[in-house]
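# Got a sequence here, can you model it:
(one chain, ligands or ions: 1)
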Amino acid sequence: MKKVGIPRGLFYYYYYPLWKTFFTQLGAEVIVSSPTNRLITEQGIQVAVDELCLPMKVYLGHVRELCTKDLDYLFIPRMVSIEAKSYICPKFMGVPDMVRACIPNLPGLIDITVDLSKNDKALQRDLLEVGRLFTRKKRLVNDAYKHASQELYFCKVLAREGYTMDEAIRLWEGESFTTKKDTDLNIGILGHGYSLYDDSISMNLIKRLRNMGCKVHLPESQDRQSVEDEAATLPKRIFWTLGRKMVGSALHMAKRTDIDGIIYLACFGCGPDSLIGEIIERKIKDKAFMLITIDEHTGEAGLVTRLEAFCDMLQRRRFLKGESDISSYGQFSYSYQSSFAGFETRSNTSSSYK
Ligand code: SF4
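Numbers count the residues shown, from 1 in each chain. This is a model prediction of the structure:
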């Protein structure tokens, strides 16, 4: 049985059920790298150029780990576009080349191009070519892809119900677990799935918020049409698929009265984030918003402090209902309240925590 390695990074969090089903249906054994840890991150940093964002560095670390596993092939797709007239960050287009340039002694790379910006003809052709590595039966390849798409749909339904994509994948693989139900605050979380759902990169951001009694609302669980409609209100269409999803989700969450605040997890060195984060920050006026930028040097203690401060502020705003005059951008506002916690309290708060 041929072995195919899939790195647990980047679009793994969006497409793993599809890829795994496709290869297993073709009779291959799929090997996934371990969950991200310090060693994997270090291994990626060692071979990456400094300018790369953290998720890319981590991805290289996953590839290096897989290189030790005696594989026949490594699946490193060249992701260009996953929907019409929209594109993925340009770094994704160069991933197979980057892997070849940075890591020696690779197994054979399966580096099909996924470009659905115009149509799926090229992808179908590439899939048949990949299928030929495992079988000569064209119908088997087509059936494998159909089955794989159904499995992916199942995971997307789970994500729509509020599970993170990582949790959806674990449930899909038969793991059972429970998430905390007793919730107090509702917080919208934005960010690229490969940083948000990777516990090491995000430093357990979602789990920490849940442990603090928050219910998290993720981009995948928002109503798709509302997200697209909100994104379409911008004067210029955002042609990055994930960027448009972030902006649309942020604007949609900002209108939801049940959501208390929004957190955006951005990556240092990320071109799209530097623009998308700025747009969101400027657009959200009436909701508490916090932008957290991370890289490999970010410390957990700082993150925890900021999350606690953000939740405290949301609690206080809920308790002191009159704090509606707080500007979410730029200006500080000062107000005196006497009822909070039984003390004469002066609040000096900007709801935009950078
Ligand atoms: S969108 Fe940003 S975080 Fe994602 S791969 Fe591109 S540069 Fe890195």
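# Am I right that Ser202 sits in a helix?
No - assigned with DSSP: H, G, I helix; E, B strand; the rest coil, Ser202 falls outside any helix and is coil.
# how many neighbours does it have?
Neighbourhood size, Ser202 [other C-beta atoms under 10 Å]: 22. C-beta: built from backbone N, CA, C; applies to glycine.
# Might you report the residue contacts of it?
Each residue near Ser202 by C-beta atoms under 8 Å, 6 or more residues apart in numbering is listed here: Gly191, Ser195, Leu196, Leu265, Ile294.
# For these, work out which two are farthest apart.
Leu196 and Ile294 (10.5 Å; C-beta to C-beta).
# tell me, what's touching those two both at once?
Ser202, Leu265.
# Which residue of those two possesses the greater neighbour count?
Leu196 (25 against 22).
# With adjacent residues omitted, what lies nearest to the closest residue to the ligand within the stretch 151-300 of the chain?
Nearest residue of the stretch 151-300 of the chain to the ligand (C-beta to the nearest ligand atom) works out as Cys270 at 3.0 Å. Distance criterion C-beta to C-beta, 6 or more residues apart in numbering; nearest residue to Cys270, sequence neighbours excluded, is Cys53 at 4.7 Å.
# shouldn't the one you found be in contact with Gly269?
Yes - at 4.6 Å, Cys53 counts as touching Gly269 under the criterion of C-beta atoms under 8 Å.
# Those two: which is more packed in?
Higher neighbour count among Cys53 and Gly269: Cys53, with 24 against 18, using other C-beta under 10 Å.
# was I right about Leu209 contacting His217?
No - shown here, Leu209 and His217 do not form a contact pair, counting by C-beta under 8 Å, at 10.6 Å.
# what do these two both touch?
Counting by C-beta under 8 Å, 6+ apart, the common neighbours of Leu209 and His217 are Ile187, Ile189.
# before we move on, the earlier item: so for Cys53 and Gly269, which residues contact both of them?
Counting by C-beta under 8 Å, 6+ apart, the residues touching both Cys53 and Gly269 are Asp295.
# that older thread, please report how far the residue of the stretch 151-300 of the chain closest to the ligand lies from Gly61.
Look at Cys270 and Gly61: by C-beta to C-beta, to the nearest Å, they are 18 Å apart.
# These two: which has the busier surroundings?
Taking neighbours as other C-beta under 10 Å, Cys270 and Gly61 compare with Gly61 leading, 27 against 23.
# so what's the backbone phi/psi at that one?
For Gly61, the backbone dihedrals are phi -60, psi -40 (criterion: degrees, to the nearest 10).
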